[in-house]
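S.K.: got a predicted model here, sequence first, then my questions.
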Amino acid sequence: MASYRKRSNGWEYRVSYKKPDGTYGEKSKRGYRTKSEAERAAAEAQRELAEAVEIDRKVELADYFKKWAEIHKKPHVSIGTWKSYQQAVRIVTEYFQHTKLTAVTSTAYQQFLNNLGERYTKNTIRQIHHKIRRAAKQAVVDGYVNKNFTDLTKVTSSKPSRKIEDNFLELDKYLDLIERMKARPDKRDYVIIYLLGVSGMRFGECLGLTWDDIDFDKQLISINKAWDFLFKTGFKPTKNQQSVRKIPLAPETSLVLKKYKLSGWFPNKDNRLFSKGVNHSNLNKLVKELTGTNIHVHSLRHTYASYLIAQDIDLLAVSRLLGHKDLTVTLQTYTHQLEAKKEQDFEEIKKLFG
């Protein structure tokens, strides 16, 4: 419906129209010399709006999600993170196929989550759900839908999550592994495992180390970059700003690295400590063989943090050493260790007030 009004600078039209989500909007324009010109312009505007609404109604969830990810996420995330968005797009496309965005209800989306629960762990589904939820929120802002269809939905799964013990080494095995690894500075893979175990570095950060990052005099390791071991694109920025940090270098670790440089290191153009031939999968297998457990290389980072917490190292210091974005991440990741330490803390508090 259109209305017209004569203004000081000419005729104005106002056109109301129905959006794809059922709400109404309004478009207006002024400055026409005659009412007839305003009427013709209003008719053209109504036609364009009607076509736009029809096109919007035909937008499929999978197409919108893919476009949203490409516009709002791809320019701002790492290659590895972008791969996770591509996987989420494939999963959405496979399930919803040609379902229109406006046809997706909260119940239909819950059925989708339930379906994922038969194939993936709860943590994996949460990551997918988080991405879709952000896209659905944008769809509301863009006017495609009136409500966020992910509201009031729950993530469930019948798949067991990775056991807590698979993420950590027991203390005796952890200390034994460190002793065995530092005894072989001539073997590159052993030195990598050793360094990961005594520093809490991420695997990519370890591979990104260059010799100028090692300050033997000040006994510090500088973490200022990482190595893309997944897609082999070379150096890349650290995971976040907080990941740029310094880690204390123990005298024994200094000695191991000095011996490694003399007997196990191969010079390379980037001056990296660990260059060609490092295989993440092989290192995971090696760690499992050496410990007789089901842990992987990244478990050494968790074990390192747990060891520091058990030794009463300040939690904020632990968070900074790990390069976590904030203390909340540390608290969420190591809830199990903090709970285990609670009884010990209670006993200490009782002693204070005798």
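M.R.: Okay, I see it.

S.K.: what about the helices in this structure?
M.R.: 35-57, 61-72, 79-96, 106-116, 122-142, 171-182, 188-199, 203-207, 251-263, 280-291, 299-310, 315-322, 327-333, 335-352 (DSSP state H).

S.K.: packing partners for the shortest one?
M.R.: This points to helix 203-207. Packing partners of helix 203-207 (3 or more CB pairs under 8 Å, 6 or more residues apart in numbering; DSSP states H and E): helix 188-199, strand 226-228. (C-beta placed from N, C-alpha, C; glycine too.)

S.K.: pLDDT (mean, whole number) over it?
M.R.: Mean pLDDT, helix 203-207: 97.

S.K.: now the second one
M.R.: Average pLDDT, helix 61-72: 97.

S.K.: list the helices and strands that helix packs on?
M.R.: Judged by 3+ CB pairs under 8 Å, 6+ apart, the packing partners of helix 61-72 are helix 79-96, helix 122-142.

S.K.: for Glu26, find the nearest of those.
M.R.: Across these, Glu26 has its closest neighbour in helix 122-142 (17.4 Å, CB to CB).

S.K.: in CSV, list the C-alpha atoms belonging to that closest one.
M.R.: The C-alpha coordinates for helix 122-142 follow below in CSV (Å, rounded to 0.1, in the frame of the first residue of the first chain):
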residue,chain,number,x,y,z
LYS,A,122,28.6,-33.5,23.0
ASN,A,123,31.6,-31.2,22.7
THR,A,124,31.7,-31.5,18.9
ILE,A,125,28.0,-30.8,18.7
ARG,A,126,28.4,-27.8,20.9
GLN,A,127,30.9,-26.3,18.5
ILE,A,128,28.6,-26.9,15.5
HIS,A,129,25.6,-25.5,17.4
HIS,A,130,27.6,-22.4,18.4
LYS,A,131,28.3,-21.6,14.8
ILE,A,132,24.7,-22.1,13.6
ARG,A,133,23.4,-20.1,16.5
ARG,A,134,25.5,-17.1,15.5
ALA,A,135,24.3,-17.4,11.9
ALA,A,136,20.7,-17.6,13.0
LYS,A,137,21.2,-14.5,15.1
GLN,A,138,22.4,-12.7,12.1
ALA,A,139,19.5,-13.9,10.1
VAL,A,140,17.2,-12.2,12.6
VAL,A,141,19.2,-8.9,12.2
ASP,A,142,19.1,-9.2,8.4
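
S.K.: go ahead and flag the most central residue of this protein.
M.R.: The centroid of the chain falls nearest to Thr81 when counting by CA atoms, centre = their mean (6.1 Å).

S.K.: quick one: closest of the helices and strands packed on helix 203-207 to Thr303.
M.R.: Of all these, helix 188-199 sits nearest to Thr303, with 7.2 Å by CB to CB.

S.K.: pick the most buried one from the helices and strands packed on helix 203-207.
M.R.: Mean neighbour count, computed with mean count of other CB atoms under 10 Å, is highest for helix 188-199 among the helices and strands packed on helix 203-207, reaching a mean of 23.

S.K.: what angle do that helix and helix 299-310 make?
M.R.: Here the directions of helix 188-199 and helix 299-310 differ by 30 degrees (axes from the mean of the first three to the mean of the last three CA atoms, to 10 degrees).

S.K.: what does helix 188-199 contact?
M.R.: For helix 188-199, the surrounding residues in contact (CB atoms under 8 Å, 6 or more residues apart in numbering) are 174, 177-178, 180-182, 184-185, 201, 203, 206, 221, 247, 250, 253, 256-257, 260, 264-265, 274, 277-278, 282-283, 286-287, 290, 297, 300-301, 303-304.

S.K.: would you mark the buried spots in stretch 293-305?
M.R.: Buried residues in stretch 293-305, counting neighbours by 16 or more other CB atoms under 10 Å, are found at 293, 295-297, 299-305.

S.K.: of the residues you listed, which is the nearest to Tyr120?
M.R.: Using CB to CB, His296 is the member of these that lies nearest Tyr120, at 18.8 Å.
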